[in-house]
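Asks: structure for this input, please:
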Amino acid sequence: MLPSVLIVDDEKHTREGLRQALEDSYDVSLAANADEAFNLLEAQPFDAVLTDLRMPGKSGLKVIDKALALPQRPAVIMMTAYGNVDTAVEAMKRGAVDFLTKPVNLERLEVLLQRALKTKTLEVEVRQLHERLDEKFSFEGVVGNSAALRDLIDKVRLVAPSKATILLEGESGTGKELIAQAVHQSSQRSRGPFVAVHCAALSENLLESELFGHERGAFTGASERRIGRFESADGGTLFLDEIGEITASTQVKLLRFLETRTIERVGGGKPIPLDVRLVAATNRNLERMVAEGKFREDLFFRLHVVRLLMPPLRERPDDIPLLLAHYLKYFARENGTPPPQLEPGALRTLCAYRWPGNIRELRNFCENAVVMHRGGRLTEYDLDPRYRGAAPLVPAMVSAASASEGPGAGMPAALGAPVSLALPGPAGSSLSVEENERRLLREALLKARGNRTRAAQLMGISRRTLHRKLAQWPELDTVD
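Replies: Presented below is the predicted three-dimensional model:
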């Protein structure tokens with residue numbers, strides 16, 4: 001499909017001449033005055049508009065204003081007589097991408113059109129990227145419907161448009177960075193940068209240089225000036241994760257920024273004013289650290305303007321099915337495979353699990369399930385023993401207790417029994433540890449249809465351990 005160009009000029013021979021020059025490469029429409037141009041602009045979108053400046057009635061400046069007020073803005077190029085260059089500059093201030101003097105040089109016109117259309121394409125791509133970012137990191141993109149999560153989002157909606165510093169507290173893996181990004185995307189800074197720094201990953205000297213930058217010669221190896229993360233985030237949001245890990249000297253510099261909104265590069269003495277919104281996060285108890293003298297009290301109160309607590313996943317069990325469905329589909333798309341289907345028993349088991357690693361652990365589970373099962377069905381017996389509250393089966397953990405208590409008796413815990421790891425002997429008494437291991441291994445091989453890797457997973461042991469056991473009982477090597 002050819003790019004569309006609207007030519008606006010009151011001189012017929014100019015309009016027709018430009019059409020003949022461009023019609024092989026462009027879909028050309030003509031307008032003899034501004035009113036005709038307005039009608040065409042309202043009737044269809046154009047990729048570019050080429051308009052004369054001086055015309056009877058409304059001038060070309062009105063055409064520019066009309067074109068650039070449209071939802072799908074075309075690239076606009078102004079044509080003008082040599083004596084009207086100052087007015088053409090005014091046209092560019094209004095949004096025209098360039099101007100041509102008459103008579104028009106067709107080669108230059110072609111160059112300007114191609115450049116204008118390329119710029120327009122880039123603008124569209126940037127706008128679409130921002131729209132995708134808004135969608136991905138908006139509050140609507142936060143998965144869950146539990147009361148705890150809704151309460152958190154309601155509070156974040158209130159503070160996002162403000163300039164207030166935010167402190168996010170909660171366990172590791174609860175999604176603090178996702179909320180920080182949602183705050184940024186929902187604020188007036190959304191078109192500015194979002195810069196994240198994980199404080200615990202950097203040493204003291206490296207962290208100060210990373211945050212505040214340094215001047216040339218500030219320390220050994222500083223061969224040139226470096227711009228820090230604070231300056232990179234100017235006009236946007238700086239997210240400091242694990243802020244409880246920063247040292248005393250870094251705490252002082254951070255406090256100075258919060259008080260003065262200026263920084264100084266390492267090795268420099270000139271204050272640099274910045275417009276940066278700070279969102280900090282920690283999985284530690286900062287109040288306790290203040291009491292222990294490990295964190296400055298004045299910095300704590302500066303960070304404590306808006307304090308939000310991230311609920312752990314165990315406190316939002318209603319969200320677990322939604323999160324499982326979301327991430328199974330997400331990783332299935334990433335890997336180009338159908339998502340595995342969770343059987344009711346597996347779903348009940350996963351919903352009852354406490355998820356100590358929170359959403360990060362759940363994401364990892366979903367990615368593993370997608371890679372290992374590729375569209376298959378997952379039962380509760382396919383899950384790792386830890387999700388069922390059972391310890392992995394190793395010889396030292398095999399119990400000689402009776403298996404006759406409760407439901408699931410006689411089934412190995414590594415394969416789904418909720419209570420006992422023992423299997424009953426013929427007379428109802430417990431078998432020896434060695435015989436228990438042998439029978440458990442046989443059950444796992446039957447369950448896995450002879451697949452050794454799968455059998456090892458079911459038992460919660462390594463493949464190497466499984467091979468040692470098969471060498472001990474070679475008759476089991478034929479089980480399938």
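Asks: by mean pLDDT, point me to the weakest helix or strand of this protein.
Replies: Lowest on mean pLDDT, DSSP states H and E among the helices and strands of the chain sits helix 106-137, with a mean of 68.
Asks: can you name the next helix or strand after that helix?
Replies: Toward the C-terminus, helix 106-137 is succeeded by helix 147-159 as the next helix or strand (DSSP states H and E).
Asks: ok, and for that following helix, which residues are buried?
Replies: 148-149, 152-153, 156, 159 (16 or more other CB atoms under 10 Å). Every residue, glycine included, has its C-beta placed from N, CA and C.
Asks: what does the helix or strand just after that helix contact?
Replies: Using DSSP H and E, the next helix or strand after helix 147-159 towards the C-terminus is strand 166-169. With contact meaning CB atoms under 8 Å, 6 or more residues apart in numbering, strand 166-169 is reached by 159, 176, 179-180, 183, 278-283, 286, 303-310.
Asks: looking at these, which are in strands?
Replies: Secondary structure defined by DSSP state E assigns 278-282, 306-309 of the contacts of strand 166-169 to strands.
Asks: quick one on the thing from earlier: and the buried residues of helix 147-159, which is closest to Phe219?
Replies: Val159 (38.0 Å; CB to CB).
Asks: the closest one reaches Val306, doesn't it?
Replies: Yes: applying CB atoms under 8 Å, one finds Val159 in contact with Val306, separated by 4.9 Å.
Asks: okay, now the domains of the chain?
Replies: Listed domain ranges for the chain are 4-128, 139-311, 317-478 (source: automatic domain parsing).
Asks: could you identify which of those domains has the lowest mean pLDDT?
Replies: Lowest mean pLDDT within the domains of the chain: domain 317-478, a mean of 71.
Asks: show me where the stretch 301-450 of the chain has helices.
Replies: All helices of the stretch 301-450 of the chain, identified by DSSP state H, counting those that start in this stretch, fall at 320-335, 344-352, 358-373, 433-447.
Asks: turn those into JSON lines, columns for mean neighbour count and distance to Gly213.
Replies: As requested, the helices of the stretch 301-450 of the chain are exported to JSON lines (neighbours: other CB atoms under 10 Å; distance: least, CB to CB, whole Å):
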{"stretch": "helix 320-335", "mean neighbour count": "17", "distance to Gly213": "36"}
{"stretch": "helix 344-352", "mean neighbour count": "16", "distance to Gly213": "46"}
{"stretch": "helix 358-373", "mean neighbour count": "18", "distance to Gly213": "31"}
{"stretch": "helix 433-447", "mean neighbour count": "19", "distance to Gly213": "58"}
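Asks: compare these and give me the one nearest Gly268.
Replies: helix 358-373 (38.1 Å).
Asks: can you give me the strands for the stretch 151-300 of the chain?
Replies: 166-169, 194-198, 237-241, 262-263, 272-273, 277-282 (DSSP state E, counting those that start in this stretch).
Asks: mean neighbour count for these - can I get that in CSV?
Replies: Formatted as CSV, the strands of the stretch 151-300 of the chain follow (neighbours: other CB atoms under 10 Å):
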stretch, mean neighbour count
strand 166-169, 23
strand 194-198, 19
strand 237-241, 24
strand 262-263, 18
strand 272-273, 14
strand 277-282, 24
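Asks: can you put those strands in TSV and add distance to Gly95?
Replies: Formatted as TSV, those follow (distance: least, CB to CB, whole Å):
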stretch	distance to Gly95
strand 166-169	36
strand 194-198	28
strand 237-241	29
strand 262-263	35
strand 272-273	30
strand 277-282	30
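Asks: wait, which of these is closest to Glu297?
Replies: strand 166-169 (14.0 Å).
Asks: tell me how far that closest one is from the chain's mean position?
Replies: 19 Å (CA atoms, centre = their mean, to the nearest Å).
Asks: what's the closest residue to Trp355 other than its chain neighbours in contact with, if anything?
Replies: Spatial nearest neighbour of Trp355, excluding adjacent residues (CB to CB, 6 or more residues apart in numbering): Leu313 at 4.3 Å. By CB under 8 Å, 6+ apart, the residues touching Leu313 are 173-174, 319-320, 323, 355, 358-359, 362.
Asks: same question for Leu2.
Replies: 25-27.
Asks: and Val63, by the same measure?
Replies: Val63 neighbours (CB under 8 Å, 6+ apart): 8, 34, 37-38, 49, 51, 76.
Asks: of the residues you listed, buried ones?
Replies: Of the contacts of Val63, these count as buried by 16+ other CB under 10 Å: 8, 34, 37-38, 49, 51, 76.
Asks: and the two most separated of those residues?
Replies: Phe38 and Val76 (13.8 Å).
Asks: can you redo the buried residues of helix 147-159 as JSON lines with distance to His198?
Replies: Shown next, in JSON lines, are the buried residues of helix 147-159 (distance: CB to CB, whole Å):
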{"residue": "Ala148", "distance to His198": "25"}
{"residue": "Leu149", "distance to His198": "24"}
{"residue": "Leu152", "distance to His198": "22"}
{"residue": "Ile153", "distance to His198": "24"}
{"residue": "Val156", "distance to His198": "21"}
{"residue": "Val159", "distance to His198": "23"}
